[in-house]
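> kindly return the folded structure for what I paste below:
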Amino acid sequence: MPLSVNTLSITPTASGKGESYRKFFQAAIEIEVGQSTSPVNDMTIDDLLLQDVSPSALMAELDGHGKSASIQMEDAYSFLRSGLTKPDFISELPRAWSGPRSMKRGRHNRQKSASEACLTIGLRIQPDVLYPELKRDKGRSRSLGFWGRFLTFNCDPERFPVTPWQPVPSDISDYRTLMNRLHALLSTTNDSEQSEEPTRKVLTMDTGAHAHLRHIADWVKGQMLGQFHDIQDAAGRAAENTLRLASNFQVVCAGEGPISYDMIDRAWAFVYWSLTQYRQVFVLAMQPPPKPVKLEQSKPPKLLHHQKRLHEDMQFMLSSIAACSRPTINQWVCQQDVAHRMGFNKERFLKTLLWLVDEGHVELVGDEDNGMIRILPARPQHTFHTGPELLMPPSW
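Coordinates of the predicted model:
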């Protein structure tokens, strides 16, 4: 299985897409700049990143056995309108992600065949540019398995003001360490291409990493009809993406040795978070604009059996939120996932949610259809006036 990782970053204009592109590929750009003082056969940026996003150019790059290519677009609009996303070719792209299967394409009386190809795609695009393209596509490329293979990051403050997790800015010294490491890896790749040695190496996992990955895969499979019911295409590849990302972590951070439990765990934290971003882009953003939420001031129930039922509903909702937020407590979860799990009608669901918000047990942001919910830390010495004190879900 190749270790390529596809990425999709959605950010508004003037938010730093160009700068992030130049920073991340600085090592490759510096190699190109140094070409004038290096031997003629040294690697250049054109050897690392495919600039022509046409089917013929891609097949020319992958023609043969075990060839690799990388498409990294600072502004992905040209990619979405290129021949690679046309109906007669987009179904071929997942083959270069999956590995052993070959890609074949004939043109001008010559057939090109790419066996065990490895293709990496990284796209950066504005939300107002991407969403109309996805609606025009009518879900075709997603159904063919193209988008489900991408790790997704969505920064769209207008539609989704709350991002469940954001990385802490790293120190510039960490950035220089990464660039120095990529310099060394690119030099090793260049040396292998000039020699007759195989350019690909086989990575293995230790026992703990293998067991942890199997546990993740089984847990995701059990959630296919639960919290992942609307993004099964992406969730079905979450375990494999975890392994791919952990493998890259191992090569860049450790260099040698089998993939460790820690690398699998770190990769899974990112992949799980990416699934929430994928839902925002390919499910929630494709829905009609939501209506503003209208929460009226709640009134305490008067009848005893109403109090008991409300308390039971609130306890059930807390447990459902906790179940959807696994494996991390206090995680932001989609309101629709909680409603799907509880099975309440809309009026009963919103009434219960309002009481939990008023009592300070949960926090709600967004609207009544696409809101995000999380459990707040338990408050000391709190007494709930409608019945026994609510039992907060345990930490894990």
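> show me the contacts for Ala209.
246, 258-261, 263-264 (Cβ atoms under 8 Å, 6 or more residues apart in numbering). Every C-beta, even on glycine, is put in place using the N, C-alpha and C of the backbone.
> and it, how close does it get to Ser274?
According to Cβ to Cβ, to the nearest Å, Ala209 and Ser274 sit 20 Å apart.
> what does Leu356 give?
Leu356 is 28 Å from Ser274, by Cβ to Cβ.
> cool, Ala117 as well?
Ala117 is 24 Å from Ser274, by Cβ to Cβ.
> more crowded one of those two?
Using other Cβ atoms under 10 Å as the criterion, Ala117 and Ser274 rank with Ala117 on top: 29 against 22.
> which of the contacts of Ala209 count as buried?
Using 16 or more other Cβ atoms under 10 Å as the burial test, these include 246, 259-261, 263-264 as buried.
> can you tell me which of these are in helices?
Judged by DSSP state H, helices contain the following of the buried ones among the contacts of Ala209: 246, 261, 263-264.
> remind me, longest strand of this structure?
Assignment by DSSP state E gives strand 118-125 as the longest strand of the chain.
> and Pro94, that's in a strand?
No. With DSSP: H, G, I helix; E, B strand; the rest coil as the criterion, Pro94 is helix rather than part of a strand.
> report the separation between it and Ser143.
Pro94 is 11 Å from Ser143, by Cβ to Cβ.
> the two: who's more crowded?
Comparing Pro94 with Ser143 by other Cβ under 10 Å, the one with more neighbours is Pro94, at 18 against 13.
> ok, and the closest non-adjacent residue to the more buried one?
Of all residues not flanking Pro94 in the chain, Gly145 sits nearest, at 4.7 Å (Cβ to Cβ, 6 or more residues apart in numbering).
> for the stretch 251-396 of the chain, which residues score under the pLDDT cut-off?
When residues are selected by pLDDT under 70, those of the stretch 251-396 of the chain lie in 290, 293, 295, 298-305, 327-330, 368-369, 378-396.
> tell me which two in the ones in helices among the buried ones among the contacts of Ala209 are the farthest apart.
Ala246 and Tyr261 (9.5 Å; Cβ to Cβ).
> mean confidence for the helix or strand hosting Leu8?
If you go by DSSP states H and E, Leu8 is part of strand 6-10. Regarding strand 6-10, the rounded mean pLDDT is 91.
> in that strand, what's buried?
Buried-residue list, strand 6-10, by 16+ other Cβ under 10 Å: 6, 8-10.
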